[in-house]
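Participant: Kindly return the folded structure for what I paste below:
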Amino acid sequence: MTGRYYKEFTIGDEIVHPRRRTVSERDNQTFCDMTMNQQPLHLDAAFAAETEFGERLVNGLYTMSLAVGMTIPETTDGTIVANLSYDSVEHPNPVFLGDTLYARTTVTDKRETSDGERGVVEMHVDVYKVDEGGDGPDGDTLVCEFDRTVLSLKQSE
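Facilitator: Okay, here's the model as predicted:
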């Protein structure tokens, strides 16, 4: 297990996740198929070409799901009871096929459960695409952000 136990989370810590992923057409198509989302903006190149974006957009829920997956090893891999919520999800900029994404997590709050057996940890996740055209780290563009709350294990003494 590589995740953090409750006491290993510190409010204000920023975790830069090393994994990146370039989103492929297959990734987007498979996710849309699995979730039965047949929105032509994600799947139909001719339709998307006529929109303000000029090309297909990657499914926003795929972007968020990918980001959660990229953050697991450094946050909760093997060390949580459950994800409790995902809140305040925003997609301020589009993701296109071929964009490379990465994530950063900031620990925003933590508290013990009423029985003291576990802890609740709140995190804010920012997802960026590598493009040097935005105002994020290294000039990259923020494409998704959300708050994630987890029920975390306490490490055995």
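Participant: what comes up buried for stretch 102-117?
Facilitator: Of the residues in stretch 102-117, 102-105, 107, 110 count as buried by neighbour count, 16 or more other C-beta atoms under 10 Å. Heads up, the C-betas are built off the backbone N, CA and C, glycines and all.
Participant: Averaged pLDDT, that stretch. What do you get?
Facilitator: Model confidence over stretch 102-117 averages 95 on the pLDDT scale.
Participant: Might you calculate how far it sits from the centre of the chain?
Facilitator: Distance of stretch 102-117 from the chain centroid (C-alpha atoms, centre = their mean, to the nearest Å) equals 16 Å.
Participant: Contacts for that stretch, please.
Facilitator: Where contact means C-beta atoms under 8 Å, 6 or more residues apart in numbering, the residues beyond stretch 102-117 that reach it are 6, 9-17, 19-21, 67, 70-71, 74-75, 118-128, 130, 137, 140, 147-148, 151-152, 154.
Participant: if we go to 6 Å?
Facilitator: The set of residues external to stretch 102-117 that reach it, using C-beta atoms under 6 Å, 6 or more residues apart in numbering, is 9, 11, 13-17, 20, 67, 70-71, 119-128.
Participant: about what we covered before: of the buried residues of stretch 102-117, closest to residue 35?
Facilitator: When these are compared for distance to residue 35, the smallest value, 20.6 Å, is given by residue 103; criterion: C-beta to C-beta.
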